[in-house]
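# I'll drop the sequence and a predicted model, then ask my questions.
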Amino acid sequence: MKRTLSILGSSGSIGRQTLKVAEVCGHKVAAITVNRSVELAEAQSRRFQPKLAVAVDEAAAADLRTRLADTEVKVLSGQEGLLEAAAMPEADTVVTAIVGVAGLRPTLAAIDAGKRIALANKETLVCAGELVMARAEEKGAEIVPVDSEHSAIFQCLQGCKNRGEVRRLIITASGGPFYGKNCKELSLVTKEQALKHPNWSMGAKITIDSATLMNKGLEFIEAMRLYDMPPERIQIVVHRESIVHSLVEFEDGAILAQLGSADMCLPIQYALTWPERVSGPAKPLDLLSCPPLTFQKPDLDTFRCLSLALECAEKGGTSTAVLNGANEAAVGLFLADKIGFLDIARLVETALDRVPFQSNPGLNNIFEADRAAREAVYQSAR
Ligand code: NDP
Ligand code: MG
């Protein structure tokens, strides 16, 4: 199956790997978008000849327009550009590889246009999962996960006709670079150490989320939304080797798992070709050279971000949007050397305490919760 892609966030880690998959597997590229990475957007445009290239930042878009003046590529800017790329008629599949809640509106635009969504942007489901899944059902838009754990679950569920047969989803976590450390040790870790993930190479924000284990909390909520599962039927296990990408336990006690090397090309590719499988660029896994596979309980006392996320998963409403917005703001401050590692959890907790809770929020309530959460973080960080 050859697809025509619109890649939102083409300059990022997932975006670049999507282009690698597209090149090897022969998918066409109709649109690419970046925020400010114009050099890369120019190189990608020359190589893949999309109809549309978007730089959200106005000045970056002006630069990109000059750079691509000798080509047929149309250049747009701002939110309008992003929404046009998300809904463009030439594309049948939209890869949502933007980081953060900035991906929410374009994901909704792609759903409204009835596209297949290859969803990497987990923050969208964390903030507005119920709304997004309901809209996708209404519009008949397929949402296929790119996140490796959710892709693993999706793969294990193939052939399962009755979701009632699923007893539990089991999400694996690498444990991140600070696995086994206590709070005192965590108070001393540096940004450089936090940016070194043991198994995966990813964008800066998700790498920090993996170090705090917030990433696993966001993925827990993402799994609840994608698979309509209550929190008590999802388990997180630490699996240091990142070989088993996640598992599904069925009512008869059988557990199915998906294994593979730590290479995002496979889940990206499957989100494009599902239900078909084709050969692609992903590194194969050699079982004979695998280390022994281990499974352990996560340390919820030390990794406070994960326990906060699990509390929000139970609570629902605007709490997950507050959790996400506060985390995005706090991670931004940590990356800018303004706060320490443990301040991330502290600031997220403060925001959760301060921002008023609302059950059954609409889209505007969600954006307001996100804004208020960021403001609470900036105020408390001063
Ligand atoms: P990166 O930081 O590497 O890339 C982010 C992309 O989004 C870039 O193209 C960036 O453009 C663009 N972008 C950033 N801010 C905005 C904005 N405000 N508006 C529009 N575009 C913006 O992130 P990743 O590729 O690592 O992650 C992308 C998403 O995929 C995240 O939600 C992450 O959680 C998820 N994910 C990532 C995995 C991975 O292995 N990397 C694995 C599983 C999920 P520019 O370059 O111009 O800044
Ligand atoms: Mg993941």
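All right, it came through fine. Ligands and ions are numbered 1, 2, ... in the order given.
# Which residues of the stretch 101-250 of the chain lie near ligand 2?
Contact residues, the stretch 101-250 of the chain versus ligand 2 (Cβ under 5 Å from the ion): 147-149. Just so you know, the C-beta spots here come from the backbone N, C-alpha and C atoms, and that holds for glycine as well.
# One more pass at 6 Å, please.
147-149, 219 (Cβ under 6 Å from the ion).
# Grab the two from the residues you listed that are most spread out in space.
Based on Cβ to Cβ, the longest span within these runs between 148 and 219 and measures 9.4 Å.
# Neighbour count: those two, which is higher?
More crowded of residue 148 and residue 219, by other Cβ atoms under 10 Å: residue 219, with 28 against 22.
# contacting residues around the more buried one?
122, 147, 149-150, 171 (Cβ atoms under 8 Å, 6 or more residues apart in numbering).
# before we move on, could you check phi and psi at the residue in the chain positioned nearest to ligand 2?
Residue of the chain nearest ligand 2, by Cβ to the ion: residue 147 (4.2 Å). Dihedral pair for residue 147: phi -50, psi 130, per degrees, to the nearest 10.
# ok, now residue 277?
According to degrees, to the nearest 10, residue 277 has phi -120, psi 140.
# okay, now it: neighbour count?
The burial count for residue 277: 11, using other Cβ under 10 Å.
# And for residue 314?
Using other Cβ under 10 Å, residue 314 is surrounded by 11 other residues.
# So it, which state does it fall into?
Three-state call for residue 314 (DSSP: H, G, I helix; E, B strand; the rest coil): helix.
# Now do the same contact list for the residue lying closest to it once chain neighbours are set aside.
Nearest residue to residue 314 in three dimensions, chain neighbours excluded: residue 231, at 5.5 Å (Cβ to Cβ, 6 or more residues apart in numbering). Going by Cβ under 8 Å, 6+ apart, residue 231 touches 220, 224, 310, 313-314.
# So how do I select the buried members of those in ChimeraX?
Selection of buried members from those for ChimeraX, criterion 16 or more other Cβ atoms under 10 Å:
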select :220,224,310,313
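# between the contacts of residue 231, which is nearest ligand 1?
Distance to ligand 1 across the contacts of residue 231 (Cβ to the nearest ligand atom) is lowest for residue 220, with 13.6 Å.
# The closest one belongs to a helix?
Yes. Under three-state DSSP, residue 220 sits within a helix.
# Distance check, it against residue 68.
In this structure, residue 220 lies at 42 Å from residue 68, with Cβ to Cβ, to the nearest Å as the measure.
# Over to residue 233?
For residue 233 relative to residue 68 (Cβ to Cβ), the value is 49 Å.
# quick revisit: tabulate the contacts of residue 231 (JSON lines), appending pLDDT.
Converted to JSON lines, the contacts of residue 231 look like this (pLDDT from 0 to 100):
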{"residue": "220", "pLDDT": "99"}
{"residue": "224", "pLDDT": "98"}
{"residue": "310", "pLDDT": "98"}
{"residue": "313", "pLDDT": "98"}
{"residue": "314", "pLDDT": "98"}
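# In helices only, show me the contacts of residue 219.
122, 149-150 (DSSP state H).
# what about residue 5, which SS state?
strand.
# Domain boundaries for this structure, per the record?
4-145, 151-315 (automatic domain parsing).
# so does the longest one get close to ligand 1?
So the one you mean is domain 151-315. Yes. For domain 151-315, a contact with ligand 1 is found by Cβ under 6 Å from any ligand atom, at 200, 202-206, 264.
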